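Student: Structure for this input, please:
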Amino acid sequence: MKPQRIEFKDKVFYDLEQFDTDRIKEFFPTEYFNIVENKAYPLVGTYIEDLFTVKKEGVLKARGIF
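Tutor: Below you'll find the model as predicted:
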């Protein structure tokens, strides 16, 4: 499942002050995040219903939960 552009209800961001430049590039790639003033703003995401479907059909099914 590929992430898609989502209009987030609230302004969501990650504080990047504890990350060095290499880690920022690794964990917050520019195709998924907009980096502004030590904050990473997500550009795409996955809806919770879609994430649950993936888990339900995968690991939860394998464990006999679904």
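Student: For stretch 19-29, give me every contacting residue.
Tutor: 14, 16, 35, 40 (C-beta atoms under 8 Å, 6 or more residues apart in numbering). Glycine gets a C-beta too; all of them are placed from N, C-alpha and C.
Student: mind listing which of the residues you listed are in strands?
Tutor: Cross-referencing the contacts of stretch 19-29 against strands under DSSP state E gives 14, 35, 40.
Student: contacting residues for the second one?
Tutor: Counting by C-beta under 8 Å, 6+ apart, I35 touches 16, 24, 28, 41.
Student: do the same with the last one
Tutor: Residues near A40 by C-beta under 8 Å, 6+ apart: 13-14, 16, 24, 28, 33-34.
Student: on that earlier part again, which one of the contacts of stretch 19-29 sits closest to K56?
Tutor: Y14 (27.6 Å; C-beta to C-beta).
Student: Enumerate every residue touching that closest one.
Tutor: Neighbouring residues of Y14 by C-beta under 8 Å, 6+ apart: 28, 33, 39-40.
Student: now, among the contacts of stretch 19-29, which is nearest to I48?
Tutor: I48 has its nearest neighbour among the contacts of stretch 19-29 in Y14, at 18.5 Å by C-beta to C-beta.
Student: on that earlier part again, select from the contacts of Y14 the one having the most neighbours.
Tutor: Most neighbours among the contacts of Y14, by other C-beta atoms under 10 Å: A40, with 21 neighbours.
Student: hang on, the earlier thing: what's the most distant pair in the contacts of stretch 19-29?
Tutor: Y14 and I35 (9.6 Å).
Student: ok so, going back, looking at the ones in strands among the contacts of stretch 19-29, which one is closest to Q4?
Tutor: Comparing the ones in strands among the contacts of stretch 19-29 against Q4 with C-beta to C-beta places A40 closest, at 18.0 Å.
Student: could you check the distance from the closest one over to K55?
Tutor: Per C-beta to C-beta, to the nearest Å, A40 is found 25 Å from K55.
Student: repeat for A62
Tutor: Counting by C-beta to C-beta, the gap from A62 to K55 is 10 Å.
Student: Please say which of the two ends up with more neighbours.
Tutor: Each of A62 and K55 has its neighbours counted (other C-beta under 10 Å); K55 has more, 13 against 9.
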